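Colleague: sequence-free structure coming up:
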């Protein structure tokens, strides 16, 4: 009986050792793989900058025009306002009273927009996604960032679009402001 138990113990020990070695039971630390330089994304903001173009005469006029269309329905808790903006900055459709504006590509680079609503949105929640205005179109790949506009444009949202490589690019987008 003792002989049988010794043989079983030896067989079980050998089987456990074989399975753990065959299944990768012994791991060797590998250095972390680095992403290729062409895949790495550019930083969203430049050091020392707030990342937004300054308020210009044109952007202030657009924001003021939107603010003059104030409605109490738009600011009711639980409601949302939206804008669908084409790559060239024109407004495809919206919840009403919304004005869109594309910053000069020559002065500020591509992919920078301002969307103005008829009420103060500085303390609201913003959600944006890359998306085409047409029915059934698949949007181009890319990224979008949103932030409230700096003073005095408290009724506006700054939107920046980038392609999948992180390069600023003019892309269409959908923006929602939750009240």
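Modeller: Right, received. Where do you want to start? Quick caveat, the model's predicted, so the values are computed rather than measured. Residues are numbered from 1 along each chain as shown.

Colleague: What is the burial count for the residue lying closest to residue 108 once chain neighbours are set aside?
Modeller: Closest residue to residue 108 apart from its sequence neighbours, by Cβ to Cβ, 6 or more residues apart in numbering: residue 53 at 4.7 Å. Just so you know, the C-beta spots here come from the backbone N, C-alpha and C atoms, and that holds for glycine as well. For residue 53, the neighbour count with other Cβ atoms under 10 Å is 17.

Colleague: and residue 53, what does it touch?
Modeller: Residues in contact with residue 53 (Cβ atoms under 8 Å, 6 or more residues apart in numbering) are 59, 103, 107-108, 112.

Colleague: Try it again at 10 Å.
Modeller: Going by Cβ atoms under 10 Å, 6 or more residues apart in numbering, residue 53 touches 59, 103-104, 107-109, 112, 114, 149-150, 158.

Colleague: separation between it and residue 128?
Modeller: Here the criterion is Cβ to Cβ, to the nearest Å. By it, residue 53 lies 18 Å from residue 128.

Colleague: Same question for residue 90.
Modeller: The gap separating residue 90 from residue 128 is 17 Å, by Cβ to Cβ.

Colleague: Looking at the two, which is more packed in?
Modeller: Using other Cβ under 10 Å, the more surrounded residue of residue 90 and residue 128 is residue 128, with 22 against 12.

Colleague: Tell me, what's the model's pLDDT at that one?
Modeller: According to the prediction, residue 128 has pLDDT 96.

Colleague: Does it lie in a helix or a strand, and which?
Modeller: Using DSSP states H and E, residue 128 sits within strand 125-130.
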